[in-house]
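Engineer: here's a sequence, model it:
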Amino acid sequence: MKFRKFKADRIFTGMGWAPQGQVLVTNSTGEVLGFEDESVAGDHIEYVPGILMPGMINAHCHLELSHLRGLVPAGTGLPAFLQQVVTKRGTVETDVQAAIREADQEMFRNGIVAVGDISNTLDSFVTKSQSSIRWTNFIEVLSFRDQTAAERIQHYQEIRDRFRELPEEPYFNEPIQRSSLVPHAPYSISPLSFQLINEASSGEIISMHNQETQAEDELYQTGSGDFLALFKLFGNTEAPNPVTGKSSLSSVLPYFNRGQSLLLIHNTCTKKEDVREARKLASEVGLEISYCLCPNANLYIESRLPPAEMLLDEGARIVLGTDSLSSNYQLSIAEEIRAIRNGFPQIPLEKVLQWATLNGAIALKRDDVLGSFETGKYPGLVVLDAQYRASRLL
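Structural biologist: Numbering: from 1, shown residues only. The predicted structure is shown next:
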C-alpha cells in the first residue's frame, strides 16, 4: 500500500483546525489513515501552500440549466428571473448536453465531491452516469392545481425512478445516485400536491426553495404580489396556495411529517421567528432541517445576501450551494465561501469551511465517507489559496 503524506500552511479537518505541525496521511486511493506529527512522519512529505481541506459539498445546484449561462439578466428580482428562465430554457439554441458536461467538470475541478442537484427532467442523466461526483438528485415538482396533482406527481415519479436505475458506486459500496421527489417552492405547489410529495418522500432527503424573496411571504399573507404574473405564465389564473396570514415557511412546513431531512434553499428573507417556529415544529414531527445558502445567486437575482449571521446565532445547520449557471457566474463553493467572508467578515473562517464540508455531507447523508479528515473516510483533498481559489489534490 502506497502512502501519501501532506502538510500545509493550515489544515482544516472539516471540524476545525488541525494543530500546527500535523501531517495528514492517506493511502493511494485517498482513504484517510490519520494524522502524524511532522517530527515522526518521516520522508516524502508533500507540502502544499494554503489551506488543505476535505472536498467541498455543493448542497444546491441546477445542473440542467447550465446552458443558460450568461443569458438571464442579473438584478431583476426573483419573479422576473423565473419568468426569464421559464421562457428561455427550452428555446435557446445551445448544446444542452455539452453545457451540462462542462458544468460537471467545472465543479470537479473546483474541488466539489458531492452535489444536491435539482432535476425537472432527465437532461442530466447521461452526464451523472459518467461523473466522478456523488449526486443526490432532487426531482423537483411543479404542481399548481389540486385537480392535476396526481398526474403531475406520477410524471415526476417516473423521472425519479429513471435516476434510481443508475448503479451503485462499486468502490465504496454505496449508491452514487440518490433520488427523491421534492417540492419546488411554497408558491408553486398546491395543498394536495404537498400531501402527495410528503407521502412519496418518507424518510428521504428532500429540498425546497424557501423565502428567496419577500413576495413569497406576501402571497401567503395577503394573496397578492409579484408572483401572480408568474402564475399566468404557467396558465393559472389564481395562486395555488390558500391565504394563511402567516409566512410561507410557517404555512407549508406542517406538510412534512414523515421523518424527512429537509434542505431549505436560499432563505434570503427568512426571519428569526421563522427559524424558531421551524425548529419547534421539526422537533414535534421528527423533521431534520438544514439551511442552504447560495450567496452569489442571491446577489445575482435579488442583490442581497441571506441572513447568515442570524442563522448561525440561532444554531441552525448551515450548508452552501451554488444554484445554477442561470443565476451565478461559476459553480464554485470556494467562491461562495468568498462571498460569505466578504459579506460577513465577523463569521470565523473555520465556521464557513465547516458549512462547505462536514455540514454539507451531513445534510446529504454522506458523512460516513465525505466531509472530514477522519480515519476510514474518502473525503477528497482540496487546497484553498488566499484568493479563495480551490484546486483538487485527490
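
Engineer: what helices or strands is the strand or helix carrying Val182 leaning on?
Structural biologist: Element membership for Val182 (DSSP states H and E) is strand 177-183. Counting contacts by 3 or more Cβ pairs under 8 Å, 6 or more residues apart in numbering; DSSP states H and E, strand 177-183 is packed against strand 134-141, helix 149-163, helix 191-200, strand 205-210. (C-beta placed from N, C-alpha, C; glycine too.)

Engineer: make TSV from the ones you listed and add mean pLDDT and mean neighbour count to it.
Structural biologist: Putting the helices and strands packed on strand 177-183 into TSV (pLDDT from 0 to 100; neighbours: other Cβ atoms under 10 Å) gives the following:
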stretch	mean pLDDT	mean neighbour count
strand 134-141	96	26
helix 149-163	97	16
helix 191-200	98	20
strand 205-210	98	26
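
Engineer: looking at those, which is nearest to Pro307?
Structural biologist: Proximity to Pro307 (Cβ to Cβ) singles out strand 205-210 among the helices and strands packed on strand 177-183, at 12.2 Å.

Engineer: domains for this structure, by residue range?
Structural biologist: 1-54+371-394, 56-369 (automatic domain parsing).

Engineer: chain neighbours aside, what residue packs nearest to Arg4?
Structural biologist: Thr26 (5.1 Å; Cβ to Cβ, 6 or more residues apart in numbering).

Engineer: for the domains of the chain, which one ends up most surrounded?
Structural biologist: For those, average neighbour numbers computed from mean count of other Cβ atoms under 10 Å are highest in domain 56-369, which has a mean of 20.

Engineer: coming back round to it: format the helices and strands packed on strand 177-183 as JSON lines; extra columns: distance to Gly75.
Structural biologist: Shown next, in JSON lines, are these (distance: least, Cβ to Cβ, whole Å):
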{"stretch": "strand 134-141", "distance to Gly75": "25"}
{"stretch": "helix 149-163", "distance to Gly75": "31"}
{"stretch": "helix 191-200", "distance to Gly75": "31"}
{"stretch": "strand 205-210", "distance to Gly75": "19"}
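
Engineer: for the ones you listed, which one sits closest to Leu394?
Structural biologist: Closest among the helices and strands packed on strand 177-183, using Cβ to Cβ: strand 134-141, at 14.7 Å.

Engineer: the closest one pairs with which strands?
Structural biologist: Strand 134-141 pairs in its sheet with strand 112-119 (parallel), strand 177-183 (parallel), by DSSP bridges.

Engineer: make TSV out of those strands and add mean pLDDT and distance to Glu93.
Structural biologist: Converted to TSV, the strands paired with strand 134-141 look like this (pLDDT from 0 to 100; distance: least, Cβ to Cβ, whole Å):
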stretch	mean pLDDT	distance to Glu93
strand 112-119	98	22
strand 177-183	92	30
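
Engineer: for Asn342, find the nearest of these.
Structural biologist: That would be strand 112-119 among those, by Cβ to Cβ, at 20.4 Å.

Engineer: can you name the next helix or strand after the closest one?
Structural biologist: helix 125-130.

Engineer: hang on, Ala282 packs against Ile289?
Structural biologist: Yes: contact status for Ala282 versus Ile289: in contact at 5.2 Å, counting by Cβ atoms under 8 Å.

Engineer: returning to what we had before: can you pull the contacts of the residue nearest to Arg4?
Structural biologist: 3-4, 6, 32-33, 381, 394 (Cβ atoms under 8 Å, 6 or more residues apart in numbering).

Engineer: in strands only, show me those residues.
Structural biologist: 3-4, 6, 32-33, 381 (DSSP state E).

Engineer: can you pull the contacts of Ile100?
Structural biologist: 63-64, 66-67, 123-124, 127.

Engineer: redo that, cut-off 6 Å
Structural biologist: Ile100 sits next to 63, 66, 124, 127 when contact means Cβ atoms under 6 Å, 6 or more residues apart in numbering.

Engineer: that's a helix at it, yeah?
Structural biologist: Yes: per DSSP: H, G, I helix; E, B strand; the rest coil, Ile100 lies within a helix segment.

Engineer: gap between it and Cys61?
Structural biologist: 11 Å (Cβ to Cβ, to the nearest Å).

Engineer: cool, Ala278 as well?
Structural biologist: 23 Å.

Engineer: on that earlier part again, please report how far the residue nearest to Arg4 lies from Gly380.
Structural biologist: 10 Å.

Engineer: do the same with Leu311
Structural biologist: Counting by Cβ to Cβ, the gap from Leu311 to Gly380 is 26 Å.

Engineer: swap in Phe12?
Structural biologist: 13 Å.
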